[in-house]
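Colleague: Got a sequence here, can you model it:
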Amino acid sequence: METAKTDDTVKVHYTGKFEDGTVFDSSEGRDPLEFTLGKRMVIPGFEEAALGMSPGEKKTVNIPAEEAYGPRREEMVMEVARSSMPPEIEPEVGQILQVGSSQDQMLQVVVTEVTEESVVLDANHPLAGMDLVFEIELLEIVEPGSASA
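Modeller: Model prediction:
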């Protein structure tokens, strides 16, 4: 039976949960997720779980934070003066903003605290520092990689 290998393009259905069973994401009711193994298109633990699966196979995997979105890093949290915010933005806790970084790239941040004088912005991925559980079903190997001849 054919199994998924590095460079294969695969389609999977998945459900992502926190350790307490709360679902944070799922492909249920949507198109399956399509990605190429070995291309870092998904988190490392998810990719590792899909390797070696056969079409029709289902599995549940526990993915530690280090193999998911990485550890939460406090240096990714910054406090900025409210006066340095654009005047058209009225910051609110939970709001997602795009900010320019020193490399002229945009960075997504979440407002975590607002005071009269300052705003705290968190650039960590919302799932950073969390261990995750994924139920994965490999639907098909869409395109075998060049090594699968």
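Colleague: Every contact and neighbour count from this point should use C-alpha atoms.
Modeller: Will do.
Colleague: residues contacting A65?
Modeller: A65 makes contact with 71, 128-132, according to Cα atoms under 8 Å, 6 or more residues apart in numbering.
Colleague: Among those, which lie within strands?
Modeller: Among these, the members falling in strands (DSSP state E) are L132.
Colleague: Now the buried members of the contacts of A65.
Modeller: Buried residues within the contacts of A65, defined by neighbour count using 16 or more other Cα atoms under 10 Å: 71, 129-132.
Colleague: how about these, which pair is most distant?
Modeller: Greatest spatial distance in those: P71 and L132, 12.4 Å, computed using Cα to Cα.
Colleague: returning to that earlier point: okay, the buried ones among the contacts of A65 in a markdown table with distance to D7 next?
Modeller: Below are the buried ones among the contacts of A65 laid out as a markdown table (distance: Cα to Cα, whole Å):
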| residue | distance to D7 |
| --- | --- |
| P71 | 27 |
| G129 | 29 |
| M130 | 28 |
| D131 | 27 |
| L132 | 25 |
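Colleague: mind listing the helices for the protein?
Modeller: Per DSSP state H, the chain has helices spanning 44-50. These are given in chain order.
Colleague: Quick check: which ranges of it have low pLDDT?
Modeller: Applying pLDDT under 70 to the predicted model, the residue ranges of the chain that meet it are 101-104, 147-149.
Colleague: swap the cut-off to 50 and go again
Modeller: Filtered on pLDDT under 50, the chain yields the residue ranges 148-149.
Colleague: Residue ranges of each domain in it, please.
Modeller: Per the record, the chain has its domains at 9-70+127-148, 74-122, by automatic domain parsing.
Colleague: contacting residues around the nearest residue to A68 once chain neighbours are set aside?
Modeller: On the basis of Cα to Cα, 6 or more residues apart in numbering, the spatially nearest residue to A68 that is not a chain neighbour turns out to be I43, at 5.3 Å. Counting by Cα under 8 Å, 6+ apart, I43 makes contact with 67-69.
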